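S.K.: Here is my input, please return the structure:
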Amino acid sequence: MAITKVLGSKPADCFQFQDPNSWTCMTELVSDVVVEVGDFSFHLHKFPLMSRSGTLQKLISEAAAGADDGEPCSVELHDVPGGAAAFELAARFCYDVRAELDAGNVVALRCAAEHLGMTEDHGGEGNLVEQAEAFLRDVLGSWDDALRALRSCDGALLPLAEELLVVPRCIDALASKACADPTLFGWPMVEYYTARGLEETVMWNGIATTGKPRSPGPDWWYKQASSLKLPVYKRLITVMRSKGMSPENIAGSLTHYAKRHLSGLTRHSGYVGGGGASGTVLSDVEQRALLEEIVALLPVERGVATTRFLLGLLRTATILNAGAACRDALERMAGNQLEEAALEDLLIPNTGYAVETLYDVDCVQRMLEQFVAANTSAFAASPEITDEAQLVDGPSGELMPISTVAKLVDGYLAEVATDTNVKLSKFQSIAELVPDYARAIDDGIYRAIDIYLKAHSWLTASEREQLCRLMNCQKLSLEACTHAAQNERLPLRVVVQVLFFEQLRLRTTVAGWFFVADNVDQGSPIAAGRYAPERSGELDFGAGPPEEDGDDDDDEARNNVRSSSSATMGVDDIRQRVVELEEECSSMREEIHRIGKPKGALSRLFRKLGLGGRSAARRQQQQPPPPPTSSGDERRKSMSLEC
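M.R.: Below is the predicted model of the structure:
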């Protein structure tokens, strides 16, 4: 609950408001002084005011000297801090009329009492300055009341509040409470959480049981602190940092403040409740100044602010035309944690009249360079990594960020490739920043290259070949190879490379199957050896050959049967796989002839690859099938694809 205090003992209705904008103290005596405060007039009496206020004593004495006898004197107090509301409270105190103090008016009353000279010299013990100061100390003990008192230090009240150290004391009290552990001493410190917990009731057999107060999380103060104006909020964050608040909490509060006040960031992030501290939308100039201040306050530690938030600030800074230092800082912080970015966050629009591309590709290039520079140690530690499994399944966690960024860059290049104004050199420079080993497969960069070739159909043959050098044909998946073999936009040299490496991959696979078949053939005695330990235990290499008996002959016969059956099953399986491979080779030949019949050196290359055309296929069909053999070497010779 909010803290309040009542001053005075007389009934509050002694002061009555009368039109037009005038206050009158209802006593038996006629008013003999009129105090003008702004648009309001206070019809009061000299003695109560002069006995409690040194300033009023001086002004009334001067005004009475020049006034006519029997006429009330007039005093002007247009510069009183807090205006008519604060002077009304001070006048009630002079008449000992009941007045209620709270966190919203105590600062104004404290400043008005100081301005009116209502100190110990003109009020003795229990003067207004002393009363207001005592209540202000009670207000600073509560987060909500201290925040409300700080928000009241505005406008003409601010200079005197700073002079009386009211603002620094409020900020220090708020920072101390935010930095403290909310679970200590039975807090929460925010009455909102306690009230919410007490309002939650549970019905049990018709009896309402009050819920327990909930303990707030580390972000309990974000929303209320974001209601402060930027100069005061900046001072609050600075004091919190000096008191040891964690960078994560500092960044979290700045994120909440930016989403509340920056309308451009609000539209992008979907945050509801934007606008300034007073609920009004700030102008572009005010938003630009606010954004630059927030960026200056952001902690430099990596990961304390989300990459999405940083890129959102960068997009807003570009739209608002913020300073170069602000944008450079955002690019540096976002580049250090680029692996956490999403593709849509990188699509930062270009602004201005002199730009050519739709998206700011230079900005993304600078962030990627920053990421590579920040992770140079990880790259240098493993410069010759060729095993794709190390990027996916390996224990080296340092390589995961670069593989994630590689996929992100491939997706970004595919998005910007449709822009006809993206130059080939710019496309290549961005793609080449990602090391080759960072990509487990090159399907992503192949897709980006294909989109770029489609949007830039005027590229020369040499430029197309230069662009295709960005991808590694050996790291394309089967689907990508199939697409590349039919892609008329690719240079013929690239198509041949794709087919060559695919054929090489098929041959490697077949050779691996043959190796398995050899192991099956050569391993049959080993398999049979599982039944041989009993015999091997009877062997004595110094006593000559063992004696033969009927049981040994039966065991050997059974082992031979098992070996023969396992070898037969292995050969049948491999034959079936070879048939499947022959079908794939036939389909590849048809695709090659569909593209166009090669001539000269290309024809010889195709014949070496086993893609010699119809004559080779006809020779294969006319050749009689080889007779089955039992030797492993002869089976490999009879089942070769002749390709």
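
S.K.: Help me confirm that residue 493 comes into contact with residue 466.
M.R.: No - Residue 493 is beyond contact range of residue 466, at 11.5 Å (criterion: CB atoms under 8 Å). Glycine gets a C-beta too; all of them are placed from N, C-alpha and C.

S.K.: and the end-to-end length of stretch 140-155?
M.R.: 21 Å (CA to CA, to the nearest Å).

S.K.: Enumerate the positions of that stretch that are buried.
M.R.: 140, 142-153 (16 or more other CB atoms under 10 Å).

S.K.: And for stretch 486-503?
M.R.: 487, 489-491, 494-503.

S.K.: what's around the closest residue to residue 238 other than its chain neighbours, how many residues?
M.R.: In this structure, residue 238 finds its nearest non-sequential neighbour in residue 297, 7.9 Å apart by CB to CB, 6 or more residues apart in numbering. Residue crowding around residue 297 was assessed by other CB atoms under 10 Å; the count is 17.

S.K.: Ok, the one 3 residues further on next?
M.R.: A count of nearby residues for residue 300, using other CB under 10 Å, gives 10.

S.K.: what does the one 5 residues further on give?
M.R.: Taking other CB under 10 Å as the criterion, the count of residues near residue 305 is 24.

S.K.: before we move on, what SS does it have?
M.R.: coil (DSSP: H, G, I helix; E, B strand; the rest coil).

S.K.: where are the low-confidence patches of the stretch 451-600 of the chain?
M.R.: Confidence mapping of the stretch 451-600 of the chain against pLDDT under 70 gives the ranges 507, 509-575, 577-578, 585, 588-589, 591-600.

S.K.: repeat that for 80
M.R.: 498, 501-600 (pLDDT under 80).

S.K.: follow-up on the earlier one: give me the distance between the residue nearest to residue 238 and residue 252.
M.R.: Using CB to CB, to the nearest Å, we find residue 297 at a distance of 12 Å from residue 252.

S.K.: now the helices: where do they sit in the stretch 251-400 of the chain?
M.R.: For the stretch 251-400 of the chain, applying DSSP state H, counting those that start in this stretch gives helices covering 263-269, 284-297, 307-320, 324-336, 343-346, 361-374, 376-381, 388-392, 400-416.

S.K.: go on, the stretch 401-550 of the chain?
M.R.: All helices of the stretch 401-550 of the chain, identified by DSSP H, counting those that start in this stretch, fall at 424-432, 443-455, 461-468, 478-485, 492-522, 524-528, 533-536, 550-595.

S.K.: same thing with the stretch 51-200 of the chain?
M.R.: Going by DSSP H, counting those that start in this stretch, the stretch 51-200 of the chain shows helices at 54-65, 83-95, 106-115, 128-139, 143-151, 157-163, 166-179, 191-199.

S.K.: Deepest-packed of the ones you listed, please.
M.R.: helix 106-115 (a mean of 26; mean count of other CB atoms under 10 Å).

S.K.: hmm, who's touching that helix?
M.R.: Here helix 106-115 makes contact (CB atoms under 8 Å, 6 or more residues apart in numbering) with 55, 79-83, 85-87, 89-90, 101, 119, 127-129, 132-133, 135-136, 139, 149, 152-153, 157, 160-161, 164, 166.

S.K.: got the CA coordinates for it in PDB?
M.R.: Taking C-alpha atoms only, helix 106-115 is exported to PDB below (Å, rounded to 0.1, in the frame of the first residue of the first chain):
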ATOM      1  CA  VAL A 106       5.800  15.300  -0.900                       C
ATOM      2  CA  VAL A 107       8.600  16.500  -3.300                       C
ATOM      3  CA  ALA A 108       6.600  19.500  -4.300                       C
ATOM      4  CA  LEU A 109       5.700  20.400  -0.700                       C
ATOM      5  CA  ARG A 110       9.400  19.900   0.300                       C
ATOM      6  CA  CYS A 111      10.500  22.300  -2.400                       C
ATOM      7  CA  ALA A 112       7.700  24.800  -1.700                       C
ATOM      8  CA  ALA A 113       8.600  24.800   2.000                       C
ATOM      9  CA  GLU A 114      12.200  25.500   1.200                       C
ATOM     10  CA  HIS A 115      11.200  28.300  -1.100                       C
END
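
S.K.: C-alpha coordinates for the helix or strand containing residue 47, PDB please?
M.R.: Assigned by DSSP states H and E, residue 47 belongs to helix 46-52. This file holds the C-alpha atoms of helix 46-52, laid out as PDB (Å, rounded to 0.1, in the frame of the first residue of the first chain):
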ATOM      1  CA  LYS A  46      -1.400  37.800   7.600                       C
ATOM      2  CA  PHE A  47      -0.600  36.400  11.000                       C
ATOM      3  CA  PRO A  48      -0.700  32.600  10.300                       C
ATOM      4  CA  LEU A  49       1.400  33.100   7.200                       C
ATOM      5  CA  MET A  50       4.000  35.400   8.600                       C
ATOM      6  CA  SER A  51       4.500  33.300  11.700                       C
ATOM      7  CA  ARG A  52       5.400  30.200   9.700                       C
END
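
S.K.: quick one: the helix or strand harbouring residue 232 to helix 143-151, angle?
M.R.: For residue 232, the host element (DSSP H and E) is helix 230-242. Orientation of helix 230-242 against helix 143-151 (axes from the mean of the first three to the mean of the last three CA atoms, to 10 degrees) gives an angle of 130 degrees.
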